[in-house]
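Peer 1: I need the structure of the sequence given here:
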Amino acid sequence: MENFSPITALIGGAMIGLASAILWIFNGRIAGISGIFGQLLPPARTIIWRLVFLVSMIGATYITYLILPNLGGENGAKPELVDSSILWVAISGLLIGLGTKISNGCTSGHGVCGLARFSLRSLIAVIVFFITAIVTVSVSGITL
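Peer 2: Numbering: from 1, shown residues only. The predicted structure follows:
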């Protein structure tokens, strides 16, 4: 965390909150990515807005990368993903999917939308998410 920038964190958090509020106000839906993505297979009746939301999220990330290619990198370097084996990524993805199914939501649904609605269930889920993240980092030895 040598290069923590509260300005970019504040802007990013505000944009996530704004996007969640827009989805709630105009569509009456909670911006929980696992629920939005999970309803694509099998396709739900409401597939169009889900595809628009997910494509927009990916597109906005790509546009931000084009405009600010060094955002998040150290000393002007482009940010890179942690080097992981495909097996580790697959196991991690399966565990995340299992966790979102068990907790009936993900960090975006519980952490952004659920906490904003003062949901006790979301508060407990976020506490469990954070404890799990701390234990995972401690056991794996991954440092930033």
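Peer 1: what's the closest non-adjacent residue to the residue most central in space within the chain?
Peer 2: Nearest to the mean C-alpha position of the chain, counting by Cα atoms, centre = their mean, stands Ser108 at 5.4 Å. Among residues not flanking Ser108 along the chain, Ile33 sits closest, at 4.8 Å (Cβ to Cβ, 6 or more residues apart in numbering). To be clear about C-beta, it is placed using only N, CA and C from the backbone, and glycine gets the same treatment.
Peer 1: burial count for that neighbour?
Peer 2: Other residues lying near Ile33 total 17 when counted by other Cβ atoms under 10 Å.
Peer 1: Pretty sure it sits against Gly111.
Peer 2: No: contact criterion Cβ atoms under 8 Å: Ile33 and Gly111 do not qualify, at 10.9 Å.
Peer 1: Distance from stretch 22-42 to the middle of the chain?
Peer 2: For stretch 22-42, the distance from its own C-alpha centre to the chain's C-alpha centre is 13 Å (Cα atoms, centre = their mean, to the nearest Å).
Peer 1: ok, and what's touching the helix or strand encompassing Leu95?
Peer 2: Using DSSP states H and E, Leu95 sits within helix 86-102. With contacts defined as Cβ atoms under 8 Å, 6 or more residues apart in numbering, helix 86-102 is touched by 34, 38, 84, 106, 132.
Peer 1: quick one: buried residues of that helix?
Peer 2: Burial within helix 86-102, assessed by neighbour count using 16 or more other Cβ atoms under 10 Å, is assigned to 99-100.
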